[in-house]
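In: build me a model:
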Amino acid sequence: MIDKIRDVKAKTVLDHSSADSLSDKFFIFESYGKDTEGPTRAIATDYPVRLDIMIAVVCQEGSLSTNVGYSNYVIRKNDFIIIHPQKVFQVMEVSDDFKSKVICLKPGFFDFSSDQYNFNVKNMLREYLCYSLPPSKMELFSVLFCYMEDVIGDKNNIYRKQMVYNYLNILFCEISNLLIIENENNKKNVPNPSEEIFRKFMRDIETNFQKERNVGFYAQKSHLTPKYFSTVIFKLTGKHAKEWIDEYTILEAKAMLKSTYVNIQQLSYELNFATPSHFGRYFKHHTGVSPRKYRND
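Out: Model prediction:
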């Protein structure tokens, strides 16, 4: 992970991580909580960021706390988390003894959308980002990671990309199998209707927040009255539905301000505000600072 970089692209991460790479489309490296040499240190950031790559972090020791969208995750030994491209996230805290293996994939290098993979597995990968691995699977993942490092380092191997692709395919199949088993176990539990409504609400916000920030729109998407919908969300989470919509909008705005060079006027239009001044007032109301000050601080 990297700190204080606005234009956060795959190549930027690659340049700051001392990674083994085939290109800026695929690279792997180890990341630590306490590292005096710097390049492989996992750093908590002061603001949300968005990357153009998928990141999979497999924790070997210690812990890392991160926010991905609305959700908070803490990964510990034998846990891994997947952060999808264009997903807003923020590393909040890293323990001194943190040690992990990190895989970075740019869309197109490895096709997760291929028909050979189960549709439900692909949905689960996007909805449930954090998983725990059995010790035996953790050992397998470590071995495959080492194989990939060795293959990438062998510059004379003309089949490097094909071999790495096959190792990734094994990893994905192992993860898919674990998810299918976990999903079958979860089906045995009685679903909480309120939690289902909230999960759908989160998905709907992520898809529609740029154009729709009215609670009534999201209530209608769930075929509920705005009053009942708001009551369900508040009872379950302790926050009003409008608060969730505003929080996601501000989270996206922060990521755009810190992770891109898009000017504030263009940014306000991309977020579907009538004018830049309207966006400025909205942002300052929720954060206490203007968009320009937030970007420059």
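In: when you work out contacts or count neighbours from here on, use the C-alpha atoms and nothing else.
Out: OK.
In: can you pull out the strands in the stretch 51-200 of the chain?
Out: 54-61, 63-68, 71-76, 79-83, 88-94, 99-105, 130-132 (DSSP state E, counting those that start in this stretch).
In: any chance of those in TSV, plus mean neighbour count?
Out: Formatted as TSV, these follow (neighbours: other C-alpha atoms under 10 Å):
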stretch	mean neighbour count
strand 54-61	22
strand 63-68	19
strand 71-76	16
strand 79-83	21
strand 88-94	21
strand 99-105	23
strand 130-132	17
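In: what's the closest of those to residue 253?
Out: Smallest distance to residue 253 across the strands of the stretch 51-200 of the chain (C-alpha to C-alpha): 10.0 Å, for strand 88-94.
In: given the closest one, what are its sheet partners and their directions?
Out: strand 49-50 (antiparallel), strand 63-68 (antiparallel) (DSSP bridges).
In: save the ones you listed as a markdown table, and put in distance to residue 151 and mean pLDDT too.
Out: Formatted as a markdown table, the strands paired with strand 88-94 follow (distance: least, C-alpha to C-alpha, whole Å; pLDDT from 0 to 100):
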| stretch | distance to residue 151 | mean pLDDT |
| --- | --- | --- |
| strand 49-50 | 29 | 82 |
| strand 63-68 | 29 | 89 |
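In: let me have these in TSV, extended by distance to residue 226.
Out: Converted to TSV, the strands paired with strand 88-94 look like this (distance: least, C-alpha to C-alpha, whole Å):
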stretch	distance to residue 226
strand 49-50	32
strand 63-68	27
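In: that older thread, the strands of the stretch 51-200 of the chain into JSON lines, with extra columns for distance to residue 220?
Out: Formatted as JSON lines, the strands of the stretch 51-200 of the chain follow (distance: least, C-alpha to C-alpha, whole Å):
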{"stretch": "strand 54-61", "distance to residue 220": "33"}
{"stretch": "strand 63-68", "distance to residue 220": "26"}
{"stretch": "strand 71-76", "distance to residue 220": "24"}
{"stretch": "strand 79-83", "distance to residue 220": "30"}
{"stretch": "strand 88-94", "distance to residue 220": "26"}
{"stretch": "strand 99-105", "distance to residue 220": "37"}
{"stretch": "strand 130-132", "distance to residue 220": "30"}
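In: out of those, the one nearest residue 269 is which?
Out: That would be strand 88-94 among the strands of the stretch 51-200 of the chain, by C-alpha to C-alpha, at 19.1 Å.
In: rounded mean pLDDT for the closest one, please.
Out: Strand 88-94 carries an average pLDDT of 87.
In: number the chain from 29, please
Out: All right, first residue 29 from here; so that's strand 116-122.
In: okay, that strand in CSV with CA atoms only?
Out: The C-alpha atoms that make up strand 116-122 are tabulated as CSV, following Å, rounded to 0.1, in the frame of the first residue of the first chain:
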residue,chain,number,x,y,z
VAL,A,116,-13.0,2.9,-2.8
PHE,A,117,-11.0,1.7,0.2
GLN,A,118,-8.8,3.1,3.0
VAL,A,119,-6.2,1.3,5.1
MET,A,120,-6.9,2.4,8.6
GLU,A,121,-4.4,0.6,10.8
VAL,A,122,-1.5,-1.9,10.4
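In: and the angle from that strand to strand 107-111?
Out: 150 degrees (axes from the mean of the first three to the mean of the last three C-alpha atoms, to 10 degrees).
In: in what helix or strand does residue 271 lie?
Out: helix 269-287 (DSSP states H and E).
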